[in-house]
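*Asks:* Below: sequence and its predicted model.
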Amino acid sequence: MRRTIFQSEHEDFREAVRGFLAREAAPFAQQWEAAGIVDRAFWKRAAAQGMVAFAAPEELGGAGLRDFRFNAVLDEEVVATGSVGDGFSLTNDIVAPYLIDRASPAQQRRWLPPLASGDAVAAIAMSEPGAGSDLRGIKASARWRGDHYELSGAKTFVTSGIQADVVIVAARIEREGVDGLGLFLVDASLDGFARGRKLQKLGRMAQDTAELFMERVVLGPDDLIGAEGEGLRLLMSNLPQERLSIAVTAVASAERALLITREYVGQRNAFGRAIGSFQTIRFALASLTTEVRAARAYLDGCILGHVHGELDAAEAAGLKCLATELEFRTIDRCLQLHGGYGYMEEYPIARMWRDSRVQRIYGGANEIMLEIVGRSLGL
Ligand SMILES: Cc1cc2nc3c(=O)[nH]c(=O)nc-3n(C[C@H](O)[C@H](O)[C@H](O)COP(=O)(O)OP(=O)(O)OC[C@H]3O[C@@H](n4cnc5c(N)ncnc54)[C@H](O)[C@@H]3O)c2cc1C
């Protein structure tokens, strides 16, 4: 079925992004995977093309494109290119909304222009060594000292943690009369802020992921996004877009895997014929193709719903779970159909298999997604 959610401006954006990534990213993917980090110069070039924080107002360096369909186009094209890390989805889909929708005018003036120009890289640090799914278990604390906060604690699994210049840190507010989390915009050059190891991962190799440590980092009241104790509510209100973004990548990855595999089974011979002509293989691909088409139709409906402000937390959570489980099942089967070659680095399906595994874990593990859906059913 022809997709109907995009208009000509989205298609023009897709053309521009596709050309840019083919020129500036695809040839370097292996190099970045080996280095475990995407080159900062690439990021600046992408920003110069209007691909970073484009939803920010024009006077703050963006293009005022507040339409998630542009985000979706970019996420899909990143999948088509191969390995560019997670910088685009992290910045545009996850971090920028806090600055655009929740930050004060002073915070926006400070951080949006460098973000949109690629001069500053941003990250978000919720997870801790002892708290991931259960954000109420966050131990990092921001103690009020009369005229400033002192932020202390450890964060882990922080995407772009090695490169980040500014990190949105979730911490428990320690101040009389306040109970709950705060979200702080933390300048990574402050005293007391330290980076730990670049974590060695199973996949998504081009993306740096790090531990972060904060020891009595001095923050002003102006570094707090929103109100004291409001952190969890802010996180909950932005997580549906994060989950939608993961689903966009998941369905695009499943589609790509099927495309690659159809070509492979059409030219690989065994027992005197193309393996794609064996009924068992044809049926496997036919059935996965149908499931992915159904997921695509549902996802496109959710993208449009989100553009109209109608995607709720439970639907986003269920979509994330469905799309990422299907992504992994599809890619795993596609790898199997490549035989031994599927296990070899030079075949893209091998990298796709590694990269897809984490999709069921981050952005909220899929078990938690089902909890959210279950609660919405009154169970
Ligand atoms: C590559 C990568 C990048 C990441 N990037 C970021 C980032 O940029 N910022 C950030 O803050 N975090 C990031 N994360 C962290 C990620 O969001 C967490 O790993 C995830 O939320 C799960 O938390 P956990 O690892 O502590 O697992 P746990 O919470 O310990 O869960 C372990 C298992 O128990 C299950 N479980 C937990 N509670 C329940 C329950 N009530 N019912 C049933 N099952 C349950 C989980 O589903 C999971 O299967 C990243 C993680 C990875 C791997």
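*Replies:* Received, thanks.

*Asks:* Which residues are in contact with the closest residue to residue 352 other than its chain neighbours?
*Replies:* Computed as C-beta to C-beta, 6 or more residues apart in numbering, the closest residue to residue 352 that is not its neighbour in sequence is residue 331, at 5.2 Å. Where C-beta positions appear, they are placed from N, C-alpha and C, glycine not excepted. For residue 331, the contacting residues are 253, 254, 257, 349, 352, 353, 356, by C-beta atoms under 8 Å, 6 or more residues apart in numbering.

*Asks:* Give me the contacts around the strand or helix carrying the fifth one.
*Replies:* When elements are assigned from DSSP states H and E, residue 352 belongs to helix 348-357. Counting contacts by C-beta under 8 Å, 6+ apart, the residues outside helix 348-357 that touch it are 33, 82-83, 202-205, 250, 253, 256-257, 260-261, 264, 324, 327-328, 331-332, 334-335, 338, 342-345.

*Asks:* for stretch 33-42, same thing?
*Replies:* Outside stretch 33-42, the residues that touch it by C-beta under 8 Å, 6+ apart are 24-25, 28, 31-32, 83-85, 87, 118, 121, 162-163, 198, 205-208, 351.

*Asks:* So which of these belong to strands?
*Replies:* residue 198 (DSSP state E).

*Asks:* Narrow the contacts of stretch 33-42 to just the buried residues.
*Replies:* 24-25, 28, 32, 83-85, 87, 118, 121, 162-163, 198, 205-208, 351 (16 or more other C-beta atoms under 10 Å).

*Asks:* Cross-check the contacts of residue 331 against the ligand and keep the overlap.
*Replies:* Counting by C-beta under 6 Å from any ligand atom, nothing from the contacts of residue 331 sits close to the ligand.

*Asks:* Compare those and tell me which is most surrounded.
*Replies:* When neighbours are counted by other C-beta atoms under 10 Å, residue 254 leads the contacts of residue 331 with 28 neighbours.

*Asks:* element containing that one, please.
*Replies:* Residue 254 belongs to helix 231-267 when assigned by DSSP H and E.

*Asks:* now do residue 306
*Replies:* Going by DSSP H and E, residue 306 is part of helix 279-307.

*Asks:* list the buried ones in that helix?
*Replies:* For helix 279-307, by 16+ other C-beta under 10 Å, it's 281, 284-285, 288-289, 292, 295-296, 298-300, 302-306.

*Asks:* so what secondary structure elements neighbour that helix?
*Replies:* On a contact count with 3 or more C-beta pairs under 8 Å, 6 or more residues apart in numbering; DSSP states H and E, helix 279-307 meets helix 68-81, helix 231-267, helix 313-337.

*Asks:* Let's have those in CSV, adding distance to residue 144 and mean pLDDT.
*Replies:* What follows is these, written out as CSV (distance: least, C-beta to C-beta, whole Å; pLDDT from 0 to 100):
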stretch, distance to residue 144, mean pLDDT
helix 68-81, 36, 96
helix 231-267, 15, 97
helix 313-337, 30, 98
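
*Asks:* need these in JSON lines with distance to residue 178, can you?
*Replies:* Below are the helices and strands packed on helix 279-307 laid out as JSON lines (distance: least, C-beta to C-beta, whole Å):
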{"stretch": "helix 68-81", "distance to residue 178": "33"}
{"stretch": "helix 231-267", "distance to residue 178": "11"}
{"stretch": "helix 313-337", "distance to residue 178": "25"}
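
*Asks:* Mind listing the strands the helix or strand following the helix holding residue 254 pairs with, and their directions?
*Replies:* The first helix or strand that comes after helix 231-267 along the chain, using DSSP H and E, is strand 269-270. In the sheet, strand 269-270 lines up against strand 273-274 (antiparallel) (DSSP bridges).

*Asks:* if I've got this straight, residue 216 is in a strand?
*Replies:* Yes - assigned with DSSP: H, G, I helix; E, B strand; the rest coil, residue 216 falls within a strand.
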